[in-house]
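kindly return the folded structure for what I paste below:
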Amino acid sequence: MADRCYADDLSVADLAREAALSKAHFSREFADAFGASPHQYLRARRLERAASLLRNTDRSITDICMAVGLSSVGSFVTAFGRSYGTTPAAYRSSFPPARRHIRVPSCVARTYGIPNSTFEEATGRSDP
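Here you go, the predicted structure:
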């Protein structure tokens, strides 16, 4: 559940309930199995997903923070720095721009990225 719902507002009680265990027993068993508390594990998954989004998208750091289930950009930057040894912005700048993933001509990508674009795909008909 923690891997699948990492962006949700999960508590140890939610995870324990899903596993049909008490909170204390779940926490002990989880730490034995994964080598980290449920909170630490969930934070690590969120930061891993944030790192992936920083490498592969142009989304803002604030948007990424919220998308992975964190609510404070300041806390996100601090936790990211502890885990990755750099800020999210510096981490992103150490990778090629996300636009390298686009597999269509850049003129088409730019046109589709314009809100309310009048660009239309060919319909296969020939209109006079």
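
stretch 72-81: which residues count as buried?
Residues of stretch 72-81 classed as buried: 76, 79-80 (neighbour count, 16 or more other CB atoms under 10 Å). All C-beta spots, glycine's among them, are computed from the backbone N, C-alpha and C.

now do the nearest residue to I61 once chain neighbours are set aside against S37, distance only.
Nearest in space to I61, with sequence neighbours left out and distances taken as CB to CB, 6 or more residues apart in numbering, is P88 at 5.0 Å. Using CB to CB, to the nearest Å, we find P88 at a distance of 24 Å from S37.

more neighbours, the two?
Set P88 next to S37 and count neighbours by other CB atoms under 10 Å: P88 wins out with 22 against 14.

could you pull up the residues touching the more buried one?
Counting by CB atoms under 8 Å, 6 or more residues apart in numbering, P88 touches 50, 54, 61, 64, 76-77, 80.

just V77 next, same as before
Counted by CB under 8 Å, 6+ apart, V77 has contacts 61, 87-88.
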